[in-house]
Structure formats: structure tokens, C-alpha cells
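>>> I would like to see how this sequence folds:
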Amino acid sequence: MRPILTITGSDSTGGAGIQADIRTITSMGAEAMSVVTSITLQNSLGIQEFYDIPAPVIERQIDAVADDAGPQVVKIGMIRNAASLFTIVQCLKRHCPKWILYSPVVCSAREEQLMDDALIGLVQEQLVPLCSLLVVRQGDASHFHAERVIQAGASHGRSNEVCSAIAVYLNQGATLDDAIRKTSLLLPVGSMSQELSGRTVKLYREFLTLQEQLCSHSHDVNFYADQIGVSPRYLSQVTRRMANTTPKAIVESTLLFHIKTLLDRRPPLSFQQIAEELDFSSQAHLSNLFKRLTGMTPTQYRNRPQPVSPIDSTLDNPII
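Reported below is the predicted structural model:
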């Protein structure tokens, strides 16, 4: 698996920027390579000063790692001036990664303005059309218009964390929708990586991985609790603590995603084939679960009107 390249600023507090990207990527078992665009002098009181890396140095950083490792997933963060922007755009066009994710840094968590309107306009014109997805902080979405945009919470480093996690799943071969779905489970609203520590996090992530791998073989929460060596009640406490939801709801969310994927497959599968592939006891069992979760039957879902153009949200609830 190729490394993931992150191109962004350095945050001396470690809560965002290149440090947070590397922490999230490596904690999920992937390899990170980095290019620094700007160095911030900041602490808990805010940003005191910037040192923007000269554009030719940014270019040489990108070429050095891209020529050597050929990353297929590139995550971009802080860009502070037009010269840096044009250099990054030209490098992306030259190296042609499969996925380009952008988490724009318009304002800091303390509402310090980091991009002026002129630069935002240039980013919209030059960079956004190259991107597979934008992950924006709450409140910044109005500055950008793209085919695929999701919002992350407004806390310091949240959009970094969400965007980096999506990058890891894409690097593992997930589709964009699947990478977003998995990230919404891994990093539910309100969680931050620096708060996720100890056995609770380990068990939660182990449960997520298992039910993703085995959902076509078992829909039983007791099975998963047994696999990770805890009681069903304790597993429920873990998922409540981490995501304010139940293990059953997580398993059903995964099942629903796979049902929709199979319903959309071409050439179409029969409902009985889908039921058998996902280990439902019957076609009726599948249909009942699908209707309970979506309010429509599988037939109604399959016959739904298709959107004419892309939408600005890839999730029912676009805030992660």
C-alpha cells in the first residue's frame, strides 16, 4: 500500500496541521509522507506568527516524495498565498494522484482569518475542480462550491482528523461514500483523537473492524461481543461512550450501506440474491429491516428518481 501525502501547515500545538494528520494516519495503520506549506508560532492563546515556506521549496518537497513513492491519495490543508497555491496545483496536475482531498483552513479555531477573499477565489478556481472531496469546518462551507463537500465540527483540528481518516480508507481501496461512512463511525460527532485513549477506544475500533468484515456472516451483537471478549452489555456501554449509539444501530448502519450498494449494482441482483449474500434468513427479513431504517421498500429504493447532477453533501447528515 502506498503512503498518503499530506500537504499543509505545521501546528506547534500538535492539535491540527501536519502533526495531527500524521498522528491520525499512522494511528489507523497507514504510512504518512508530508510537505509543509507554512510554519505557525502558536500556543493555547492563539497564533502569534507565520512563516510561509517559499513556493519553490514546497515544489521540491512535493516532487521529492511524489517521484519516489507515487502516492495515490493526497490530503491538502493550509494554503496561505497565491504562489503556494499555483505551485501545489501544478504539482498535482503533474503527478496525477487518484484522490485529492482538501480541508481548507479559512479561520483558526479562535476565528483568526487565515485566508483572504482573493485567495479563496483563486482556490475555488484553481484547486477545488481537482478535488475529489472537500472537508470544511462548520461555518466555512459557504466559501466553497464543489461536487462533494462535507462539514466537520468546528473544534481545533477536527476537519484535519476527519479528512485524514477518509484518506486512509480511500488508500485501503474503499469507495468515497464508504470511506465517509466508515469515518462517521470511527470519529462520531464530538470525538477527537486526543480524547480517544485507553481500552474503550481499542474495543470500539475492534468492534467496528469486525462488524465491517463479518456483517455478511453475522448480524448478532452477542457474536461480536464474544469475539472481542466482553459482554453485550459492556459493548453497549463502549458504543454509548464513543458514539452515543448502540452496537445494534452500528451493525444495521453497515448492513444498510451494503444493501444499498447491492441494490444499485448493475446488472441488478434479485432481492433473494441480496438476502443470501448478506446472510438474511429470508427476503422478507431483509425488506422489513430496509423499510424500518429508510421508510421505503427495496423496490421503491431501486425505482427512486436518480439525481441529475452532483449534490453538495455525501451523507444524510453532512456534519461529522
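>>> residues in contact with A83?
Counting by C-beta atoms under 8 Å, 6 or more residues apart in numbering, A83 touches 54-55. (Each C-beta comes from the backbone N, C-alpha and C, glycine too.)
>>> Quickly find the element holding it.
Using DSSP states H and E, A83 maps to helix 82-95.
>>> before we move on, what about S216?
Assigned by DSSP H and E, S216 falls outside every helix and strand.
>>> gap between it and V251?
11 Å (C-beta to C-beta, to the nearest Å).
>>> Which of these two has more residues huddled nearby?
More crowded of S216 and V251, by other C-beta atoms under 10 Å: V251, with 22 against 14.
>>> For the residue nearest in space to the middle of the chain, what is the enclosing helix or strand?
Centroid-nearest residue in the chain: I166, 2.7 Å away (criterion: C-alpha atoms, centre = their mean). Per DSSP H and E, I166 falls inside helix 158-171.
>>> Does anything pack onto that helix? Which helices or strands?
If you count contacts as 3 or more C-beta pairs under 8 Å, 6 or more residues apart in numbering; DSSP states H and E, helix 158-171 packs onto strand 4-10, helix 17-27, strand 73-76, strand 99-102, strand 133-137, strand 149-152, helix 176-186.
>>> Of those, give the one that comes closest to T40.
With distances scored as C-beta to C-beta, the stretch of the helices and strands packed on helix 158-171 nearest to T40 is strand 4-10 (5.9 Å).
>>> So the residue nearest to the centre of the chain is in contact with A179, correct?
Yes. Assessed by C-beta atoms under 8 Å, I166 is found in contact with A179 at 4.7 Å.
>>> circling back to that earlier point, I'd like the helices and strands packed on helix 158-171 as JSON lines, with mean pLDDT appended.
Shown next, in JSON lines, are those (pLDDT from 0 to 100):
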{"stretch": "strand 4-10", "mean pLDDT": "97"}
{"stretch": "helix 17-27", "mean pLDDT": "95"}
{"stretch": "strand 73-76", "mean pLDDT": "98"}
{"stretch": "strand 99-102", "mean pLDDT": "98"}
{"stretch": "strand 133-137", "mean pLDDT": "94"}
{"stretch": "strand 149-152", "mean pLDDT": "92"}
{"stretch": "helix 176-186", "mean pLDDT": "94"}
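>>> Please identify the most buried of those.
Highest mean neighbour count among the helices and strands packed on helix 158-171 (mean count of other C-beta atoms under 10 Å): strand 73-76, with a mean of 28.
>>> distance between it and the chain's centre?
From the chain centre to the centre of strand 73-76 is a distance of 12 Å (C-alpha atoms, centre = their mean, to the nearest Å).
>>> The top strand by length along the chain - contacts with which helices or strands?
In the chain, taking DSSP state E as the definition, the longest strand is strand 32-43. With contacts defined as 3+ C-beta pairs under 8 Å, 6+ apart, strand 32-43 has these neighbours: strand 4-10, helix 17-27, strand 46-52, helix 55-69, helix 82-95.
>>> now the ones you listed as TSV including distance to S270?
Listed next are those as TSV, based on distance: least, C-beta to C-beta, whole Å:
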stretch	distance to S270
strand 4-10	39
helix 17-27	41
strand 46-52	58
helix 55-69	44
helix 82-95	43
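>>> Quick one, which of those gets closest to Q113.
strand 46-52 (10.4 Å).
>>> Show residues contacting that closest one.
The contact list for strand 46-52 (C-beta under 8 Å, 6+ apart) reads 37-42, 80-81, 84, 108, 110, 112.
>>> Just the buried subset of these, please.
If you count burial by 16 or more other C-beta atoms under 10 Å, the buried members of those come out as 37-40, 42, 80-81, 84, 108.
>>> burial measure for N303, as a count.
That count, for N303 with other C-beta under 10 Å as the rule, works out to 9.
>>> Return the distance of it relative to M296.
N303 is 10 Å from M296, by C-beta to C-beta.
>>> show me what contacts E112?
Listed by C-beta under 8 Å, 6+ apart, the contact set of E112 reads 46-47.
>>> Please shift the residue numbers so they start at 810 in all later answers.
Yes, from this point I'll number from 810; that puts the last item at E921.
>>> what does the model give it for pLDDT?
Looking at E921, its pLDDT reads 74.
>>> now it: how far from D949?
13 Å.
>>> Buried residues in the lowest-mean-pLDDT helix or strand in the chain, which are they?
None of the helices or strands of the chain scores lower by mean pLDDT, DSSP states H and E than strand 855-861, at a mean of 86. Residues of strand 855-861 classed as buried: 856, 861 (neighbour count, 16+ other C-beta under 10 Å).
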